[in-house]
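Peer 1: sharing a model that was predicted from the sequence below.
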Amino acid sequence: AQSVTQLGSHVSVSEGALVLLRCNYSSSVPPYLFWYVQYPNQGLQLLLKYTSAATLVKGINGFEAEFKKSETSFHLTKPSAHMSDAAEYFCAVSSTGTASKLTFGTGTRLQVTL
Amino acid sequence: EAQVTQNPRYLITVTGKKLTVTCSQNMNHEYMSWYRQDPGLGLRQIYYSMNVEVTDKGDVPEGYKVSRKEKRNFPLILESPSPNQTSLYFCASSTLSSTDQDGTQYFGPGTRLLVL
């Protein structure tokens, strides 16, 4: 069984501030981990993914995430928020051997203020 | 352009009136899936298909049907819609090839359904 917990359904940061969106996973086998972003009135777009290579993964738009097995975490960060980062972010897990079975977290809505 | 398309994008219907939401992908993906998105619940899988004529239930299949007669198409059917099926629906596809089997899914733009 696999599951994802995203801490904080809403996060608000000032433009230029650090973005930190939290994700913890549970998986009985080594996981693949993903962050998807959903801009208003759009579908989901892959931001980045961890597939057992480097533990620090860089994605699009300046985002990155670090896989920490000891903490079962895959938190998403960006050093400096931009207004265009306002969106909903979903963490998801897929267990190796059951590729394509994605389990999503409940999402975190990021608000960026001036 | 590689993409997943869904139609219609917006749909208002009444309780009990059968409807179909179409989904098509042009990436020759074996795996296709339907999700519904509800506030505070994230995305939940309704049905998925590993290949033509192979479908299986996801986490919330009640009230839905699917079919996979062709590799590129995976329609979602609501035989008798009810108000609790009001939601935002996403279709997604993925390859199952051994060289790219990391679970990355490609999503359609979504279909917003309102059942009155």
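Peer 2: Yep, it's here.
Peer 1: pretty sure residue B:23 is one of the things residue B:72 touches, is it not?
Peer 2: No: distance between residue B:72 and residue B:23: 9.1 Å, which falls outside the contact criterion (C-beta atoms under 8 Å). Where you see a C-beta, it was placed from the backbone N, CA and C, and this is true even at glycine.
Peer 1: okay, which residue of chain A is out on the far edge from center?
Peer 2: For chain A, the C-alpha lying farthest from the average C-alpha position belongs to residue A:114; by C-alpha atoms, centre = their mean, that distance is 23.4 Å.
Peer 1: and the gap between that residue and residue A:79?
Peer 2: To residue A:79, residue A:114 is 18 Å away according to C-beta to C-beta, to the nearest Å.
Peer 1: what's the longest strand belonging to chain B packed up against?
Peer 2: Of all the elements of type strand in chain B, the one with the most residues (DSSP state E) is strand B:42-51. When contacts are defined as 3 or more C-beta pairs under 8 Å, 6 or more residues apart in numbering or on different chains; DSSP states H and E, strand B:42-51 packs onto strand A:103-104, strand B:31-38, strand B:54-57, strand B:65-66.
Peer 1: deepest-packed of these, please.
Peer 2: Mean neighbours per residue, mean count of other C-beta atoms under 10 Å in any protein chain shown, is largest over the helices and strands packed on strand B:42-51 for strand B:31-38, with a mean of 24.
Peer 1: report the central residue of the chain.
Peer 2: Defaulting to chain A. residue A:35 (3.5 Å).
Peer 1: my bad, the chain I had in mind was chain B
Peer 2: To find the centre residue of chain B, average its C-alpha atoms and take the closest one (C-alpha atoms, centre = their mean): that gives residue B:34, at 2.6 Å.
Peer 1: strands of the chain, residue ranges please.
Peer 2: With no chain named, the answer covers chain A. In chain A, the strands defined using DSSP E lie at A:2-5, A:10-14, A:19-21, A:24-27, A:31-38, A:44-50, A:56-58, A:64-68, A:73-78, A:87-95, A:103-104, A:108-113.
Peer 1: chain B is the one I meant
Peer 2: B:4-7, B:10-13, B:19-25, B:31-38, B:42-51, B:54-57, B:65-66, B:76-78, B:87-94, B:106-107, B:111-115.
Peer 1: now these in JSON lines, with distance to residue A:62 and mean pLDDT?
Peer 2: Rendered in JSON lines, the data for the strands of chain B read as follows (distance: least, C-beta to C-beta, whole Å; pLDDT from 0 to 100):
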{"stretch": "strand B:4-7", "distance to residue A:62": "26", "mean pLDDT": "96"}
{"stretch": "strand B:10-13", "distance to residue A:62": "33", "mean pLDDT": "96"}
{"stretch": "strand B:19-25", "distance to residue A:62": "29", "mean pLDDT": "98"}
{"stretch": "strand B:31-38", "distance to residue A:62": "26", "mean pLDDT": "94"}
{"stretch": "strand B:42-51", "distance to residue A:62": "24", "mean pLDDT": "92"}
{"stretch": "strand B:54-57", "distance to residue A:62": "38", "mean pLDDT": "92"}
{"stretch": "strand B:65-66", "distance to residue A:62": "38", "mean pLDDT": "97"}
{"stretch": "strand B:76-78", "distance to residue A:62": "35", "mean pLDDT": "98"}
{"stretch": "strand B:87-94", "distance to residue A:62": "25", "mean pLDDT": "94"}
{"stretch": "strand B:106-107", "distance to residue A:62": "22", "mean pLDDT": "92"}
{"stretch": "strand B:111-115", "distance to residue A:62": "30", "mean pLDDT": "97"}
